[in-house]
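> this one's structure only:
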């Protein structure tokens, strides 16, 4: 799949697919406290839909430029003034750094790319990759909790000496987050409170006046969190929760829905449990979805009949809406957040992906390793039924995103055999989300030195695709 090259009639197809996608609504609720739509969070919005209102580069061959930074760039975001803020972490020592970049300089080709860096700011080491999840607020400040358990709002400013990054606000959370714990995810709610969840199972929020309220869930949190008008969604290693603020300001559990976490961590996942950041979707965010971590069920011919399933819940009540096995023709597990728009959910497999490092508390996987076969599934939700529309052999090595503007799915795929090796290459890949068929691919330079490591890409307002790798950022665009 990843070796497929460009086919013709792409512009006609893009228009046809775009007409089948719902229009992007104006931001409401939690998104009012985020930056520009589609570019201010890793997953596109507070609902973690992994969609964007911006058009991508399209499926024809593209120019590729590499910005080497010597670090894994897990979060790449764009401010309202067209600059890029990237959170990158050196693999050795896990030291995180915030970079301010000029994407126009990356358009100038490989010689101009090094001039893209405008400023940088080192941060204290936190969890995996030094802290992965952050977002841009409505003042274009990067909101993140660093390794000292301090909530930072990092702004970018220009003076006579050029651009600089600065901590515009800092809130000490040492009284709310235990020593040795680290923040797994954070998101604003409908009133501007900053919600967070920690690896150790503490969930809470920082109010706009700086006060923090927390609740111990008692179950680990290994992925980011999401928000809608219904509340804040947290997927622990055992259950899906929806949280809200009580009348007295306390953290309350609206509902808790256990899911099948299986008997062990799967290879290609970073924790024993769901790998999903939970995703709200549907009219008024009526649905909330994750992929579980169920064990394989075996058919009589000893071929896996199915393993993991998509679980869809009612956001208001927490009652199950529907479920269906997914990734039945690919690897049976996913570390990625589901893509969701309208009544559609798309899930990509990460089963067997060869991560170079694991969290200290990840525990052993069963089996110890597995081939990276890839795979993706599209599901349509309606009338209480989850209906599978297609399965694809897509071998995605990044978090896929769907553009609601051009109707295309963008990701990076990994070339090579199912048994991965250091010489595997990567392609910028464009997929028709209506059919699951790859309609274009552009080779990326290098081998595993440019591994995209299941990290999330960014479609910019200029139509470029920026993808973090283990050594920096790759730009794909006209």
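Cool, got the structure. These figures come from a predicted structure and were not determined experimentally. Numbering: from 1, shown residues only.
> in what helix or strand does the residue lying closest to residue 198 once chain neighbours are set aside lie?
Leaving aside its sequence neighbours, residue 198 sits nearest to residue 181 (Cβ to Cβ, 6 or more residues apart in numbering; 4.7 Å). Heads up, the C-betas are built off the backbone N, CA and C, glycines and all. Here residue 181 sits in a region with no helix or strand, counting by DSSP states H and E.
> what of residue 144?
Here residue 144 is assigned to strand 142-145, by DSSP H and E.
> how far does that strand sit from the chain's center?
Strand 142-145 sits 16 Å away from the centroid of its parent chain (Cα atoms, centre = their mean, to the nearest Å).
> ditto for stretch 333-350
In terms of Cα atoms, centre = their mean, the centre of stretch 333-350 is set 10 Å apart from its chain centre.
> likewise stretch 73-87?
Mean-position distance between stretch 73-87 and its chain equals 14 Å (Cα atoms, centre = their mean).
> do the same with stretch 320-333
Distance, centroid of stretch 320-333 to centroid of chain: 19 Å (Cα atoms, centre = their mean).
> ends of it, what's the gap?
21 Å (Cα to Cα, to the nearest Å).
> likewise stretch 448-457?
End-to-end distance for stretch 448-457, by Cα to Cα: 17 Å.
> one more: stretch 269-280?
End-to-end for stretch 269-280, by Cα to Cα: 22 Å.
> please apply the same query to stretch 167-179.
One end of stretch 167-179 to the other measures 23 Å (Cα to Cα).
> continuing past the host helix or strand of residue 155, what's the next helix or strand?
Assigned by DSSP H and E, residue 155 belongs to strand 150-159. Going down the chain from strand 150-159, the next helix or strand is strand 162-172, by DSSP H and E.
> that next one packs against which elements?
Counting contacts by 3 or more Cβ pairs under 8 Å, 6 or more residues apart in numbering; DSSP states H and E, strand 162-172 packs against strand 96-101, strand 117-122, strand 150-159.
> so which of those is the most surrounded?
strand 96-101 (a mean of 24; mean count of other Cβ atoms under 10 Å).
> quick check: which ranges of the stretch 151-300 of the chain have low pLDDT?
298-300 (pLDDT under 70).
> which stretches of it form helices?
Here the stretch 151-300 of the chain has no helices by DSSP state H, counting those that start in this stretch.
> where exactly do the strands run in it?
In the stretch 151-300 of the chain, the strands defined using DSSP state E, counting those that start in this stretch lie at 162-172, 183-188, 194-198, 202-206, 212-216, 226-228, 231-235, 239-245, 251-258, 279-281, 287-291, 297-298.
> so which of those gets nearest residue 348?
Proximity to residue 348, assessed across the strands of the stretch 151-300 of the chain by Cβ to Cβ, is greatest for strand 287-291 (9.8 Å).
> give me the angle between that closest one and strand 251-258.
Counting by axes from the mean of the first three to the mean of the last three Cα atoms, to 10 degrees, strand 287-291 lies at 60 degrees to strand 251-258.
> what angle sits between strand 287-291 and strand 239-245?
Computed by the same axes, to 10 degrees, the angle separating strand 287-291 from strand 239-245 equals 140 degrees.
> what lies in contact with strand 287-291?
Residues from elsewhere that reach strand 287-291, judged by Cβ atoms under 8 Å, 6 or more residues apart in numbering: 226, 228, 230, 233, 235, 240, 242, 259, 274-276, 278-281, 308-315, 321, 326, 334, 338, 340, 345, 347, 381.
> now do that strand: distance to the chain's middle.
Worked out by Cα atoms, centre = their mean, strand 287-291 lies 14 Å from the chain centre.
> so what are the sheet partners of it and their directions?
Strands that pair with strand 287-291, judged by DSSP bridges, come out as strand 279-281 (antiparallel), strand 309-314 (antiparallel).
> highest mean neighbour count out of the ones you listed?
It is strand 279-281: most buried of these by mean count of other Cβ under 10 Å, with a mean of 27.
> figure out how far that one is from the centre of its chain.
Worked out by Cα atoms, centre = their mean, strand 279-281 lies 13 Å from the chain centre.
> contacts for that strand, please.
Contacts for strand 279-281 (Cβ under 8 Å, 6+ apart): 43, 47-50, 226-228, 230, 233, 287-290, 315, 337-343, 345.
> mind doing that once more with 10 Å?
When contacts are defined by Cβ atoms under 10 Å, 6 or more residues apart in numbering, strand 279-281 is touched by residues 30, 43-51, 226-231, 233, 235, 242, 285-291, 312, 315, 337-345, 381.
> please name the bridge partners of residue 196.
Beta-bridge partners, per DSSP bridges, of residue 196: residue 186, residue 204.
> before we move on, back to that, can you redo the strands of the stretch 151-300 of the chain as a markdown table with distance to residue 119?
Output for the strands of the stretch 151-300 of the chain, formatted as a markdown table (distance: least, Cβ to Cβ, whole Å):
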| stretch | distance to residue 119 |
| --- | --- |
| strand 162-172 | 5 |
| strand 183-188 | 23 |
| strand 194-198 | 24 |
| strand 202-206 | 26 |
| strand 212-216 | 29 |
| strand 226-228 | 30 |
| strand 231-235 | 32 |
| strand 239-245 | 36 |
| strand 251-258 | 36 |
| strand 279-281 | 33 |
| strand 287-291 | 37 |
| strand 297-298 | 52 |
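> of all these, which one is nearest residue 377?
strand 287-291 (9.5 Å).
> what comes up buried for that closest one?
Neighbour-count burial for strand 287-291, counted by 16 or more other Cβ atoms under 10 Å, picks out 287, 288, 289, 290, 291.
> same check on stretch 58-75?
Neighbour counts over stretch 58-75 (16+ other Cβ under 10 Å) mark 58-59, 62, 64-67, 69, 71-75 as buried.
> where's the dip in pLDDT among these?
Lowest in pLDDT among those is residue 62, which has 86.
> what's near enough to touch that one?
Contacts of residue 62 by Cβ under 10 Å, 6+ apart are 6, 56, 428, 430, 440-442, 444, 464-465, 475-478.
> identify the residue with the minimum pLDDT among those residues.
Within the contacts of residue 62, the minimum per-residue pLDDT falls on residue 6 (30).
> now residue 425. Nearest residue, chain neighbours left out?
Nearest residue to residue 425 in three dimensions, chain neighbours excluded: residue 415, at 4.3 Å (Cβ to Cβ, 6+ apart).
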